[in-house]
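Asks: What follows is a predicted protein model with its sequence.
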Amino acid sequence: MVCMSTPIKTETQTQSASKRDVGSGDTAVWRVLEAITGALAAVTIFALSLPIFVELVSPFYPLLSTDVFVSMYPMGLLFVLLFMWLFFWAATAISREWASS
């Protein structure tokens, strides 16, 4: 039988995270604002360029069977939207870093 005891923690080890790292809350707020800004930019540009996407894909209608094309088209648009969001999120974060330094 093994008997283990817990170590005695000192006062500095038991301090809360907010007392140890004051700047962590600011970083989290900036990350959320960057994500929201990136999402708004991506959705706006995506909505404005949706007619262009439809025009670009229209020549491929006869090449693909309609059942497969109809089911794959929304997924392709979703991937475009997600990659646009990721791009604008990164662009917002990089521009904030450049502005703050």
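Replies: Received, thanks.

Asks: Packing partners of the helix or strand harbouring G38?
Replies: Using DSSP states H and E, the element containing G38 is helix 24-57. Judged by 3 or more Cβ pairs under 8 Å, 6 or more residues apart in numbering; DSSP states H and E, helix 24-57 is in contact with helix 17-20, helix 66-100. Glycine gets a C-beta too; all of them are placed from N, C-alpha and C.

Asks: Now those in JSON lines, please, with extra columns for mean neighbour count, mean pLDDT and distance to E55.
Replies: Formatted as JSON lines, those follow (neighbours: other Cβ atoms under 10 Å; pLDDT from 0 to 100; distance: least, Cβ to Cβ, whole Å):
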{"stretch": "helix 17-20", "mean neighbour count": "9", "mean pLDDT": "50", "distance to E55": "52"}
{"stretch": "helix 66-100", "mean neighbour count": "13", "mean pLDDT": "82", "distance to E55": "13"}
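
Asks: Pipe the ones you listed into TSV and attach distance to S58 per row.
Replies: Converted to TSV, the helices and strands packed on helix 24-57 look like this (distance: least, Cβ to Cβ, whole Å):
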stretch	distance to S58
helix 17-20	54
helix 66-100	11
